[in-house]
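1. structure, please.
(2 chains)
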Amino acid sequence: TQLLEQSPQFLSIQEGENLTVYCNSSSVFSSLQWYRQEPGEGPVLLVTVVTGGEVKKLKRLTFQFGDARKDSSLHITAAQPGDTGLYLCAGARNSGYALNFGKGTSLLVTP
Amino acid sequence: GAVVSQHPSWVICKSGTSVKIECRSLDFQATTMFWYRQFPKQSLMLMATSNEGSKATYEQGVEKDKFLINHASLTLSTLTVTSAHPEDSSFYICSASVGNGYGYTFGSGTRLTVV
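-> Numbers count the residues shown, from 1 in each chain, chains lettered A, B, ... in the order given. This is a model prediction of the structure:
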């Protein structure tokens, strides 16, 4: 069961553009995480958000957790070709529980 | 930081044979490990939750007799794909929760190809 709806699934943009990826659910999560995955490798954690309304920044990446802890967004400013990859949101109902992943957003940034 | 070592990184096997994938926690004790599979250009789908010393909990639609999970120690969990078929070809990834918060660490994955 895919509890997290992630959009868009595919995104192709040019270097320098901004983009936002959305992760929505009808369920409340204790925490929500964003990962980036390269082909043939395991996902790498970008950020964890646990407080409703929380905003975290990681260089050109801005992550937001919805007030009701049901949704999150990832915004990338001035995308670069090095940002190309699969971005995954994942939520946990509680600490130590399995992560449920969204379908992922495949991002391609062309020079 | 907490590291999970997954082995092998890739394997090719013939239809009908069994393949074992190992995940070891190197510097921490993993009471619980999670097994995921990922098809090309798709997301990770949870297969089962593995608890040390007890039977694994499988997600709906995952055949427990086909995907055997053993978690006999706090540092090792194994997934055995029995009587593999080409449709079992996929990327298998293990994960462990770390600490009491929301930390998770992932193995590097195993690319299984059944021919």
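2. the helix or strand of chain B with the lowest mean pLDDT pairs with which strands?
-> The least trusted helix or strand in chain B, going by mean pLDDT, DSSP states H and E, turns out to be strand B:103-106, with a mean of 89. Applying DSSP bridges, strand B:103-106 is found paired with strand B:90-98 (antiparallel).
3. what's the average pLDDT for the partner strand?
-> The pLDDT scores in strand B:90-98 average 93.
4. CA atoms only: put that strand into CSV for me.
-> Only the C-alpha atoms of strand B:90-98 are listed here, as CSV (Å, rounded to 0.1, in the frame of the first residue of the first chain):
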residue,chain,number,x,y,z
SER,B,90,15.1,-6.8,-8.8
PHE,B,91,17.1,-4.6,-6.5
TYR,B,92,16.9,-5.8,-2.9
ILE,B,93,17.8,-3.3,-0.1
CYS,B,94,17.9,-3.8,3.6
SER,B,95,17.6,-1.2,6.3
ALA,B,96,17.9,-0.9,10.0
SER,B,97,16.5,1.6,12.5
VAL,B,98,19.2,3.3,14.5
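5. off-centre distance for that strand?
-> 5 Å (CA atoms, centre = their mean, to the nearest Å).
6. in the helix or strand following the least confident helix or strand of chain B, what counts as buried?
-> Using DSSP states H and E, the helix or strand that follows strand B:103-106 towards the C-terminus is strand B:110-114. In terms of neighbour count (16 or more other CB atoms under 10 Å in any protein chain shown), strand B:110-114 has its buried residues at B:110, B:112, B:114. In short, each C-beta sits where N, CA and C put it, glycine included.
7. quick check: closest non-adjacent residue to the last one.
-> With sequence-adjacent residues excluded and distances taken as CB to CB, 6 or more residues apart in numbering or on different chains, residue B:114 is closest to residue B:84, at 4.5 Å.
8. can you tell me the SS state at residue A:82?
-> Assigned with DSSP: H, G, I helix; E, B strand; the rest coil, residue A:82 falls in the helix class.
9. cool, and residue B:43?
-> coil.
10. contacts only, for residue B:75.
-> With contacts defined as CB atoms under 8 Å, 6 or more residues apart in numbering or on different chains, residue B:75 is in contact with B:24, B:25, B:26, B:29, B:30.
11. which residues does the last one contact?
-> Taking CB under 8 Å, 6+ apart as the criterion, residue B:30 is in contact with B:4, B:52, B:74, B:75, B:77, B:96, B:97.
12. what number of residues lie near the first one?
-> So the one you mean is residue B:4. Here the number of neighbours of residue B:4 (other CB atoms under 10 Å in any protein chain shown) works out to 25.
13. same deal with the second one?
-> Using other CB under 10 Å, residue B:52 has 16 neighbouring residues.
14. over to the nearest residue to it once chain neighbours are set aside: give its phi and psi.
-> Excluding the flanking residues, the one nearest residue B:52 by CB to CB, 6+ apart is residue B:71, at 4.9 Å. Here is the backbone geometry of residue B:71 (degrees, to the nearest 10): phi -130, psi 70.
15. and for residue B:87?
-> Residue torsions, per degrees, to the nearest 10, at residue B:87 are phi -70, psi -10.
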